[in-house]
Each structure stands twice: as C-alpha cells, then as structure tokens.
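Q: Provided below for reference: sequence and predicted model.
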Amino acid sequence: MTAEDHSALAARAAQVDDELAGLYPDAHCALDHDGPFQLLVATVLSAQTTDKRVNTVTPGLFQTYPDAAALAGADRADLEERLRPLGMQRTRAERLIGLGEELTAAFDGVVPRTREQLTSLPGVGRKTANVVLGNAFATPAITVDTHVGRLSRRLGWTEHKDPFKVEKDIASLWDPTRWTDGCHRLIEHGRAVCHARSPRCEQCLLLAAGLCPQVGV
C-alpha cells in the first residue's frame, strides 16, 4: 500500500469512527465493574463466554471476594459453584485463585498499570491487558475481539485474523484518542448490525455513507 493510499484509508477509518460515535454515543465496556480489580477479574472470566453472562455472576463474586487477597484465599468449592453458570468452573476457579495469589505476592494486591506487568499474571493475555489499560487506567489501547476483527476486515482496514496484527493495523489508522472507545463502538455495531452471519447491510449507516467496501460480505 502506498503512503497516499494509507492516508486515504486512515481518513476513511476516522470517518467511520465519527459516524459510529454519532450512532452509539454511550458505547462503553459491557462488563460491569467498579475499579481495576473487578474489571481484571471480569475480563479474565469473559473468555469463551459472553459479557452479559459474566455480569450475572460477578456481583455475588465481588461481594464475597472483594480484593486480591480474598480471591487468593477463596474456598475452591464455593468459587467453582459461583462460576458454574459460566462453564469450565474448575479451570476458571483455579485461574482466579492463581490471579489473586500473584497479584498479592508480586504487586501487593494492586492491579499493575503496564501491559508487561499485566500479562505476567495468570490468565491475562494481551487482549485482557488492553481492556484493563483502556477502561480502568485511561491508557489508549485497542481490544481486538471477534467483532473488532470482523469489522476491521470488512471495512478493508486489515487482511489479518491474528489479533495482534489486526491491532497494529488499526493503530496505524486511528489516532490513539480513538482506540479505546472506537473499539467499543465497533463492538456495538457488530452486535447490532454487522453480524458474523447475515449482516444487516441494508440497515448499515456506514454502507449508506459509502464508508464500507463490504470486503468478504
């Protein structure tokens, strides 16, 4: 891609975000949380399930285990029972206890503020770290979930399926001020209109505005 083509694509990507900001002005992290610890735990739990389902178990979970030390000392049977609605409760319980132990031992129970430190924690990959950085610490970060990846490809921003490569491609197009909330807006549009199967292109504001080339649709 030439520098001129990349510049044009970046301008279009900015227009896409502007359009979505008007369509979804209240887009935000769908995981209910109060502070970095709760967001970290909720994001770890969201792997292979939905944010909506995670939100059904976290209120009671956080009431019983309000901090890293409490989570580290959790009763495993009790924790597994609380996590049963999410499936894989044994694995999830083990992961949360390990997370609590490492947070307590390495960071005095305080959620760290750097990607390197976050990804050193059990069960925390780059995606989870980016969620925490962007939404708990206001550090610009791009979260590539299934919606963000799918829309980025359909919009012609990337050809990749690897989340890290998709992240790099989006970062090259968007100013960092757009990264965190822009991803929330892409997610909202993916859920509402640009479905994986049978996307509602006839209802798409981006297509109507001439901003979506419908790659692969």
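A: Received the coordinates, thanks.

Q: enumerate every residue touching V124.
A: By Cβ atoms under 8 Å, 6 or more residues apart in numbering, the residues touching V124 are 40, 44, 99, 118. In this view, the C-beta of every residue, glycine as well, is placed from N, C-alpha and C.

Q: let's see it at 7 Å
A: 44, 118 (Cβ atoms under 7 Å, 6 or more residues apart in numbering).

Q: how near is it to T114?
A: 12 Å (Cβ to Cβ, to the nearest Å).

Q: thinking G98 is in contact with A106, fair?
A: No: in this structure G98 lies outside contact range of A106 using Cβ atoms under 7 Å: 11.7 Å.

Q: where do the contact lists of V124 and T114 overlap?
A: Joint contacts of V124 and T114 (Cβ under 7 Å, 6+ apart) do not exist.

Q: how far is the host helix or strand of D18 from where the chain is centred?
A: Assigned by DSSP states H and E, D18 belongs to helix 3-23. Computed by Cα atoms, centre = their mean, to the nearest Å, the chain-centroid distance of helix 3-23 equals 21 Å.

Q: give the next helix or strand downstream of that helix.
A: Under the assignment DSSP H and E, the closest C-terminal helix or strand after helix 3-23 is helix 36-45.

Q: mean confidence (pLDDT) on that following helix, please.
A: What helix 36-45 shows for mean pLDDT is 98.

Q: pLDDT score for R191?
A: 96.

Q: who touches it in this structure?
A: Contacts for R191 (Cβ under 7 Å, 6+ apart) come out as H147.

Q: the inter-axis angle of the host helix or strand of it versus helix 3-23?
A: In this structure, R191 sits in helix 176-192 according to DSSP H and E. Using axes from the mean of the first three to the mean of the last three Cα atoms, to 10 degrees, one finds that helix 176-192 and helix 3-23 are set 60 degrees apart in direction.

Q: now helix 176-192 - C-alpha only, CSV.
A: What follows is helix 176-192, C-alpha atoms only, in CSV (Å, rounded to 0.1, in the frame of the first residue of the first chain):
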residue,chain,number,x,y,z
PRO,A,176,-4.7,6.9,19.9
THR,A,177,-7.6,9.1,21.2
ARG,A,178,-9.9,6.9,19.3
TRP,A,179,-8.5,3.5,20.3
THR,A,180,-10.4,2.5,23.4
ASP,A,181,-13.9,3.9,22.7
GLY,A,182,-13.6,3.3,19.0
CYS,A,183,-13.3,-0.4,19.7
HIS,A,184,-16.4,-0.2,21.9
ARG,A,185,-18.3,1.4,19.0
LEU,A,186,-17.1,-1.3,16.6
ILE,A,187,-18.3,-3.9,19.0
GLU,A,188,-21.7,-2.2,19.3
HIS,A,189,-22.1,-2.1,15.6
GLY,A,190,-21.0,-5.7,15.3
ARG,A,191,-23.7,-6.8,17.8
ALA,A,192,-26.4,-4.6,16.3
